[in-house]
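>>> I would like the atomic coordinates for the input below:
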Amino acid sequence: MSQSIKVERYGLVAQGFHWLVALLLLGLFLTNTIREMVPEESELYWLRLHMSLGILVFLLTLARLGWRKLVPPPALVDAPKWSQLAANGAHVVLNLSTLLVPIFGYLRVASKNYAADFFGIQIPSITGEMQSLHEIMEEFFHGEPMEIFLYVLIGVHVLAALWHQYVLKDNGLRRMLPW
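Numbers count the residues shown, from 1 in each chain. Model (predicted):
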């Protein structure tokens, strides 16, 4: 007879936020990759879709954090203190990233004096033309280095979930699954 570990799970709303943001992040990576590969006349379509998905990630993260205040998450799985601190730190960095990277993307667009596009709704530039700000956003905060950082961050998050589920067998991944 196999021993079952009782798992305190996230609620369906928290799970929905998590998986929707994960899908949107995938969409962001895909739209950016496609945008770089298509002919110039198609690039604007993919850029607008990328901006829309980024703003949606920002809004969903705000809603997700608000929900977390109303309905606190379940306790961390039983683990050493260092592991719990690492998990908390990783979640803070993930949430900060899903808030800050869209802001940096907006600043990258706005600093060229362009409006950001949110599914057809224009969000005007608050900066006007600011070439130095644009270069900083492109070079450090909303460009290839940030993309690599996000790949690593998400990869570590996925590996940690798989480690908990299949190596430690503490059902850590199951907490975020609806079944």
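
>>> Let me see the ranges of the strands in this structure.
For the chain, the strands defined by DSSP state E occupy 116-118, 121-123.

>>> out of these, deepest packed?
Ranked by mean neighbour count, these are led by strand 116-118 with a mean of 19 (mean count of other CB atoms under 10 Å). C-betas here are computed from N, CA, C, even on glycine.

>>> outside of that one, which residues touch it?
For strand 116-118, the external contacting residues (CB atoms under 8 Å, 6 or more residues apart in numbering) are 48, 51, 52, 55, 56, 105, 106, 109, 110, 122, 123.

>>> Find the pair from those with maximum spatial separation.
Across the contacts of strand 116-118, the longest distance by CB to CB is 17.7 Å; it joins 56 and 110.

>>> ok so, going back, tell me which of the strands of the chain lies nearest to residue 167.
Among the strands of the chain, strand 116-118 sits nearest to residue 167 (CB to CB), with 41.4 Å.

>>> tell me the mean pLDDT for the closest one?
For strand 116-118, the mean pLDDT works out to 98.

>>> And stretch 87-103, by the same measure?
Across stretch 87-103, pLDDT averages out at 96.
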